[in-house]
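Colleague: dropping a prediction and its sequence here:
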Amino acid sequence: MSAMTEAAGDAFVITKRNLIKIKRVPDLLVFTTLSPIMFVLLFAYVFGSAINVPGVGYKEFLIAGIFVQTVVFGSTFTGYSLAEDLQKGIIDRFRSLPMAPSAVLYGRTLSDVVNNVISLAVMALTGLLVGWRIHTSFAGAVLGFVLILLFAYAISWVMALVGLLVRTPEIVNNAAFIVIFPLTFIANTFVPTNNFPEPLKTFANWNPVSAVTQAAREQFGNTSPLLPVPDVWALQHAVAYSLIWVILLLVVFIPLSIRQYGKAASR
Amino acid sequence: MTNAIEAEGLIKKYGDVVALDGLDLEVAEGTVMGLLGPNGAGKTTTVRILTTLLVPDAGRATVVGHDVVSDARALRRVIGLSGQNAAVDEHLTGFENLDMVGRLYHLGRTRSRERAHELLERFDLVEAGGRPAKGYSGGMRRRLDLAAALVAEPPVLFLDEPTTGLDPRGRLGMWDVIADLVRGGTTLLLTTQYLEEADRLADKIAVIDHGTVIAQGTADELKAQVGGERIEFTLTDAGQIGAACAALASLGSGAARTDASARRVTLPVDGGAAVLVAAIRELDAAGIAVQDVGLRRPTLDDVFLSLTGHAAEIEAEQADDEPDTGQQDSSQQDSSQQKEVASR
Ligand SMILES: Nc1ncnc2c1ncn2[C@@H]1O[C@H](COP(=O)(O)OP(=O)(O)O)[C@@H](O)[C@H]1O
Ligand SMILES: [Mg+2]
């Protein structure tokens, strides 16, 4: 067997192992699905009653933002799980086996994509129930979802490195929370950035979370000429800017994480 | 005979803590080496280096000719590891745990399953095999972890404190399993804090303290150094110590030691319980009242005391203070003897 096939096979075994856990720990599934539902409902009805977005209506505007925020939060699970495996000595077991050193990380990030697909599906259904619609084509919708998943996948690799460095699952969660909350709120996720005060506005407009959200809105057809896109390259070319970030994060964090995995022993 | 494991001048530091301080070790193919030392001696660090989990700061080591640093991937094909804490995935069933390990050793789908079934059978886990490991007892987890180490039938096996934390029955069961295993010719490096365990399982023992090997040999050689078995009598009346020594003179394998303040006479013996009975008869015949009597086998602490002049120290006591449910008699004996040593 060539090294590549062998590594892919190993990653597949690990993915399967992680997916079994989703099945066995129902709390986890409840959390992945319930909190997005709650988010959609709370924002749609609580904020939606007060915020007026010209041309599209708040619910249309909101859904893509919630999608992106949820999957970015979901990717902290990558770091959490790796820290947990490290703490329980399971990574020690894996590292003593003649398996590909990258397989644990590829398997982990891949199964977390499955996690995110589940949340996206649940949120999309909830969105449809409260009145969100896709106004483009099937292909457009798929492209929008793929872009969101790709971005989440890239963030997963950042979290993988964090998890391997921090080693304590709870701390990974808390640390991620402190970074991800501002990152997903100082953006166009929940309100248009037009009226943000100056330094925040620049940050928000160049924030990759905004670009991914804008790109998804475009792909779903949740935009309107009445709601002009800020005149910033990042948002004018939202798909390209999002992809640049995805590639950049992957190119930097995949090798860093794999290297850290090679050194990570429990304790 | 060739060596399956060779280590030379291993050094490993964690910041200021010197975990290994020039450790040398040779384990001949097909033999069992017991790495004996108190908590913090460097046993786990040694195992981690030899199983490629840690890179040494200096020194070199090979397992079946594979260098632990430059040839790590090939080395992992020929070893099995059961670490100090059972590394089983709680959410997987026993079967799934073993099957997964088989796949990661690249045994293939069919062979991995077969092997998982074989091992569940061998380790008395058939019934539990379909349940998530979350619900397993400590002993079952340990057995599953050991089974995982055996999936690929590796020629060299590392077991780090395989019986720590087990109840007496679990410990005896584990001893049988291990004894069985090495009959098949596997080379085994086993770490333990209990001389009794090393004695029972190992062909050769390396005593390790502060990251170096301070003595090596067979269990008998070490015990000879320590002084073997002895009987300890606590008399009712300290004034009879002299008479007791005279009565016991012909039974001991050496001169009796006495401690008037504790009203104690310690007699080195060969022959265990039979001598104990004879000794009690002698004392009884001489009209000497005995408050307490016991046959003592040498413990790790005795080995330490005789090798280093100090007891196995604080670290070992801390280990015994851990809320380790079901530590068995021998460890209680250890700690009671430690206290004696400390009060002497
Ligand atoms: N990751 C670590 N960081 C700091 N110190 C460590 C680490 N691992 C082990 N040590 C220290 O190294 C020494 C040897 O530890 P170890 O090999 O675990 O001993 P043993 O297994 O014999 O109990 C101890 O003093 C321990 O505290
Ligand atoms: Mg240890």
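Modeller: Noted; the coordinates are in hand. Ligands and ions are numbered 1, 2, ... in the order given.
Colleague: what does stretch A:90-104 rub up against?
Modeller: Defining contact as Cβ atoms under 8 Å, 6 or more residues apart in numbering or on different chains, one finds that stretch A:90-104 is touched by A:3, A:6-7, A:10-11, A:13-14, A:82, A:85, A:258, A:261-262, A:264-266, B:51-53, B:73-74, B:76-77, B:79, B:81, B:83, B:87-89, B:101, B:104-106, B:148. From N, CA and C alone the C-beta is placed, and that goes for glycine too.
Colleague: make that stretch A:255-267, sorry
Modeller: Stretch A:255-267 is touched from outside by A:86-89, A:91-92, A:95, A:101-102, A:104-105, A:157, A:160-161, A:164-165, A:167, B:48, B:53-54, with contacts defined as Cβ under 8 Å, 6+ apart.
Colleague: CA atoms of it as PDB?
Modeller: Extracted C-alpha coordinates of stretch A:255-267, given in PDB (Å, rounded to 0.1, in the frame of the first residue of the first chain):
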ATOM      1  CA  PRO A 255       1.800  21.700   9.100                       C
ATOM      2  CA  LEU A 256       1.900  23.400  12.500                       C
ATOM      3  CA  SER A 257      -0.700  21.100  14.000                       C
ATOM      4  CA  ILE A 258       0.800  18.000  12.600                       C
ATOM      5  CA  ARG A 259       4.200  19.000  13.900                       C
ATOM      6  CA  GLN A 260       2.700  19.700  17.400                       C
ATOM      7  CA  TYR A 261       0.900  16.300  17.300                       C
ATOM      8  CA  GLY A 262       4.300  14.600  16.800                       C
ATOM      9  CA  LYS A 263       5.500  16.200  20.100                       C
ATOM     10  CA  ALA A 264       2.300  16.000  22.100                       C
ATOM     11  CA  ALA A 265       2.500  13.500  25.000                       C
ATOM     12  CA  SER A 266      -0.100  13.400  27.700                       C
ATOM     13  CA  ARG A 267       1.000  15.300  30.800                       C
END
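Colleague: any idea how far it is from the middle of the chain?
Modeller: Averaging C-alpha coordinates over stretch A:255-267 and over its chain gives two centres that are 22 Å apart (Cα atoms, centre = their mean, to the nearest Å).
Colleague: tell me the buried residues in that stretch?
Modeller: A:256-258, A:260-261, A:264, A:266 (16 or more other Cβ atoms under 10 Å in any protein chain shown).
Colleague: ok so, going back, give me the buried subset of the contacts of stretch A:255-267.
Modeller: If you count burial by 16+ other Cβ under 10 Å, the buried members of the contacts of stretch A:255-267 come out as A:86, A:88-89, A:91-92, A:95, A:101-102, A:104-105, A:157, A:160-161, A:164-165, A:167, B:48, B:53-54.
Colleague: just checking: which of these also lie near ligand 1?
Modeller: By Cβ under 6 Å from any ligand atom, no member of the buried ones among the contacts of stretch A:255-267 lies near ligand 1.
Colleague: from the residues you listed, which land in helices?
Modeller: Among the buried ones among the contacts of stretch A:255-267, the members falling in helices are A:86, A:91-92, A:95, A:104-105, A:157, A:160-161, A:164-165, B:48 (criterion: DSSP state H).
Colleague: among these, which two are most distant?
Modeller: In these, two members sit farther apart than any others by Cβ to Cβ. They are A:W157 and B:R48, at 26.8 Å.
Colleague: near residue 235, how many other residues are there?
Modeller: I'll assume chain A. The local packing count at A:L235 equals 21, with neighbours defined by other Cβ atoms under 10 Å in any protein chain shown.
Colleague: oops, I was thinking of chain B
Modeller: The local packing count at B:L235 equals 23, with neighbours defined by other Cβ under 10 Å.
Colleague: residue contacts, the residue lying closest to it once chain neighbours are set aside?
Modeller: Taking Cβ to Cβ, 6 or more residues apart in numbering or on different chains, and ignoring the residues beside it in sequence, B:L235 has B:R263 as its nearest neighbour in space, at 4.6 Å. B:R263 sits next to B:234-238, B:241, B:291 when contact means Cβ under 8 Å, 6+ apart.
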